[in-house]
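K.L.:
Sequence first, predicted model second:
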Amino acid sequence: MKIKHVAPRGIYLGPYYAFNSFSRDLTWDLNTANFTGEINTNIDLKANLVGLQLGYQFILWKRLSIDLILMGPSVWFLKLKTDFDTPLSPEDVTLILEKLNEMLKERFPGSDLVIQGSGFQAKKTTRTSVMGFRYMINLGFRF
């Protein structure tokens, strides 16, 4: 029996796991009628993704691989830790946090799935899980 194509080539089904981490420390200069100074923020987001994927892989010119992930249902486990440090009065902090939550919702649709409840707070750790789907195209080099 003669093999037409050398592995890995063709359709596949398999599990996957992915881990993503994002951390950001920022210092903001704030100048208002009531306050002039700095505000420190820290955001730490960790995501664990577990799921199945269905894909098809091509090998071109004996070395270049193209991997098309056609379907990838998964469960995402997210942890968001926030820290907000400022000498502002509690009323001013509440106002700033309200504005920050509005900006997050405008710029990142779906962020309310991760930042549940009253949104971004001065100090908070949030854990949640959501269902997700992934599509990807990977380019690789076959050794």
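P.N.:
Received the coordinates, thanks. Numbers count the residues shown, from 1 in each chain.
K.L.:
Next, the contact list for the nearest residue to Arg134 once chain neighbours are set aside, please.
P.N.:
Excluding its sequence neighbours, the residue lying closest to Arg134 (Cβ to Cβ, 6 or more residues apart in numbering) is Gly72, at 3.9 Å. The C-beta positions use only the backbone N, C-alpha and C, and glycine is treated the same way. Going by Cβ atoms under 8 Å, 6 or more residues apart in numbering, Gly72 touches Tyr16, Gly51, Leu52, Gln53, Leu54, Phe133, Arg134, Tyr135, Met136.
K.L.:
can we see that at 10 Å?
P.N.:
Residues near Gly72 by Cβ atoms under 10 Å, 6 or more residues apart in numbering: 16, 18, 49, 51-55, 132-136.
K.L.:
before we move on, what about Tyr56?
P.N.:
Tyr56 touches Arg9, Gly10, Ile11, Tyr12, Ile66, Asp67, Leu68, Ile69, Leu70, counting by Cβ under 10 Å, 6+ apart.
K.L.:
can we see that at 6 Å?
P.N.:
With contact taken as Cβ atoms under 6 Å, 6 or more residues apart in numbering, Tyr56 is in contact with Ile11, Leu68.
K.L.:
For beta bridges, what are the partners of it?
P.N.:
Here Tyr56 sits in beta bridges with Ile11, Leu68, as judged by DSSP bridges.
K.L.:
measure it to Ser65 for me?
P.N.:
According to Cβ to Cβ, to the nearest Å, Tyr56 stands 11 Å off from Ser65.
K.L.:
again with Trp28
P.N.:
45 Å.
K.L.:
Of those two, give the one with the bigger neighbour count.
P.N.:
A count of neighbours by other Cβ atoms under 10 Å puts Ser65 above the other of Trp28 and Ser65, at 15 against 11.
K.L.:
Name the nearest residue to that one, ignoring sequence neighbours.
P.N.:
Gly140 (4.2 Å).
K.L.:
give me the number of residues near that neighbour?
P.N.:
13.
K.L.:
Then it would be within a strand, right?
P.N.:
Yes. Counting by DSSP: H, G, I helix; E, B strand; the rest coil, Gly140 is located in a strand.
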